[in-house]
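Visitor: Quick one, structure for this:
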Amino acid sequence: MIYTITFNPAIDYILEVDKLEINEINRAKAERILAGGKGINVSIVLKNLGIDSIALGFLGGFTGQEIKRKIEKLGIKTDFVYIKNKSSRINVKLQTNAHGKIIEETAINSDGPEISEEEVNELIKKIEKIEKGDFIVISGSIARNMNENIYERICSKAKEKEIKIVVDTTGKYLLTSLKYNPFLVKPNKKELEEIFKTKINSKEEVIAFAQKLQENGAENVLISMDQFGAVLLTKDKKILYSTAPKGQLVNSVGSGDSMVAGFLTGFIMYDDYEKALKLGISAGSASAFSKELATKDEILYQYSKIKDGG
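Guide: Residues are numbered from 1 along each chain as shown. As a prediction, the model looks like this:
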């Protein structure tokens, strides 16, 4: 089983306008209300690909209940910690679109509720019930007021239980997870530059810095490079590269989460790193080319383009 953790879920309220006029009444031509958060995105794309998961994290208030309802309506199991007298956040995104392409996007993201130590301990107790050999995906930023050692606490508990750890974050949270030998880490090229405080100008440099993450404990390192494809350094020291399919960027939100879901699906279904890499790139690209997270058909279409040379 795969478990995903979203520390700070949200309702994403997306409004489309022809042109955003400041200090004027703007009329939306379309709206979407989605359950948001990196771990939730991973669970949704896994479900679209036929892989079950259980979504963990923190929910509160009427917004939390709506997030749970939307996720479970998709057939995804949940086991959230419910926070008292606090509500999960609402993020507002204003998009100006032309010919199906986002020209501008203005996002207003709230901080979300504070999470108490007692509530964190409830999440840890749920992790203690996960079985050996299962996967746990830890991604995104932590919630307000949460102790910054939360990644380490979860990774430590997961390693103790022999759970396969997937980390999709950056900075100190990724670096502190390495000593727990995560099964997979997935920074993108920009995040890799932030970690090592340098500009990366080539695929060879991407590989060199990815190797540093592997030397420090990561089993597999997956680096996404947007339209330039992705590099995978495998546990057995192989270096794999795949191009990305060509297409029109419609929405970059959730593409990295989709890549994680696609990679895990490929690995679980085929036990093959090359297929996992290509399915990961296909899922990330398909979500980037769509207004919402990619469906199975959209992902398989992009996969066929990669096999044909991208």
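Visitor: Which neighbours in the sheet does the helix or strand hosting I5 have, and how are they oriented?
Guide: Take DSSP states H and E as the rule and I5 turns out to sit in strand 2-6. Paired neighbours of strand 2-6 in the sheet (DSSP bridges): strand 53-59 (parallel), strand 135-139 (parallel).
Visitor: Touching whichever helix or strand comes after the longest one from outside, list them.
Guide: Towards the C-terminus, the helix or strand next in line after strand 53-59, according to DSSP H and E, is helix 61-73. When contacts are defined by Cβ atoms under 8 Å, 6 or more residues apart in numbering, helix 61-73 is touched by residues 9-11, 34-35, 37, 40, 43-44, 55, 59, 78, 80, 82-83, 86-90, 113. Where you see a C-beta, it was placed from the backbone N, CA and C, and this is true even at glycine.
Visitor: likewise stretch 22-40?
Guide: Outside stretch 22-40, the residues that reach it (Cβ under 8 Å, 6+ apart) are 4-6, 8-18, 20, 44, 55-57, 66-67, 70-71, 91, 94, 137-140, 168, 256-257, 291-292.
Visitor: Buried among the residues you listed? Need that as a selection in PyMOL.
Guide: PyMOL command restricting the contacts of stretch 22-40 to the buried ones, with burial defined by 16 or more other Cβ atoms under 10 Å:
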select buried, resi 4+5+6+8+9+10+11+12+13+14+15+16+17+44+55+56+57+66+67+70+71+91+94+137+138+139+140+168+256+257+291
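Visitor: Tell me how many other residues surround the closest residue to A261 other than its chain neighbours.
Guide: Of all residues not flanking A261 in the chain, V45 sits nearest, at 3.6 Å (Cβ to Cβ, 6 or more residues apart in numbering). V45: 30 surrounding residues under other Cβ atoms under 10 Å.
Visitor: Next: the one 4 residues further on.
Guide: Burial measure for L49: 22 neighbouring residues, criterion other Cβ under 10 Å.
Visitor: Quick check: pLDDT value at it.
Guide: L49 carries a pLDDT value of 98.
Visitor: circling back to that earlier point, the residue nearest to A261 reaches S282, doesn't it?
Guide: No - counting by Cβ atoms under 8 Å, V45 stays clear of S282, with 10.9 Å between them.
Visitor: Touching both of the two, which residues are there?
Guide: In contact with both V45 and S282: G262, I299, using Cβ under 8 Å, 6+ apart.
Visitor: hang on, the earlier thing: mind checking which of the strands paired with strand 2-6 is nearest K172?
Guide: strand 135-139 (13.7 Å; Cβ to Cβ).
Visitor: Tell me the gap between the closest one and the middle of its chain.
Guide: 9 Å (Cα atoms, centre = their mean, to the nearest Å).
Visitor: what element comes up after that strand heading to the C-terminus?
Guide: Assigned by DSSP H and E, the successor of strand 135-139 is helix 150-160.
Visitor: If we go by neighbour counts, what in that following helix is buried?
Guide: For helix 150-160, using 16+ other Cβ under 10 Å, the buried residues are I150, Y151, E152, I154, C155, S156, K157, A158, K159.
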